[in-house]
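> Got a predicted structure plus its sequence, pasted below:
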Amino acid sequence: MSQIGAVNYHVHKPFRQAFEIDAGGIVGNLVSPELSLTEVAVLDQRESGVAVDFARDGFDFARSPTSVEDFETGNWQDRYNSELTDFFAAGNRCHRRCGF
């Protein structure tokens, strides 16, 4: 049996977005970045008849040095994206999802 779940994806903007708790010093004031609600199918993998292959379906972590010292200001995205491109061009890979 398939169920539907909801996932909030961050909407990419040309400026920094973040959750702010007690924003402006006001207790309980939550400021949220713009989110896009998306429905996703939720399945019980045990009932699918397909075994989980963690090498294929898992989450990989990778470490690589970066020259970016400040992710808050400036145009760090272009430099960081270039470093990621170089990382993968060197033969490093993540199967489906990769965390840095």
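Perfect, I can see it now.
> Sheet-wise, list the partners of the helix or strand harbouring Asn8 with their directions.
When secondary structure is defined using DSSP states H and E, the element that contains Asn8 is strand 3-10. Strands flanking strand 3-10 in the sheet, each with its direction: strand 35-42 (antiparallel) (DSSP bridges).
> before we move on, the earlier item: pLDDT averaged over the strand holding Asn8, what's the number?
Within the predicted structure, the mean pLDDT of strand 3-10 is 79.
> for stretch 38-58, same thing?
Taken as a whole, stretch 38-58 carries a mean pLDDT of 76.
> Please point out which parts of that stretch sit buried.
Along stretch 38-58, no position meets the burial threshold by neighbour count (16 or more other CB atoms under 10 Å). C-beta here means a position set from N, CA and C on the backbone, and glycine is covered the same way.
> Next: stretch 69-86.
Taking 16+ other CB under 10 Å as the basis for neighbour counts, the residues of stretch 69-86 that come out buried are Leu84.
> all numbers from here: first residue = 658
Yes, from this point I'll number from 658; that puts the last item at stretch 726-743.
> how much distance is there from stretch 689-704 to the middle of the chain?
Centroid separation for stretch 689-704 versus its chain: 14 Å, with CA atoms, centre = their mean, to the nearest Å.
> nope, stretch 706-726 is what I was after
The chain centroid and the centroid of stretch 706-726 are separated by 12 Å under CA atoms, centre = their mean.
> Over to stretch 669-677?
Taking the mean of its C-alpha atoms, stretch 669-677 sits 14 Å from the chain's own mean (CA atoms, centre = their mean).
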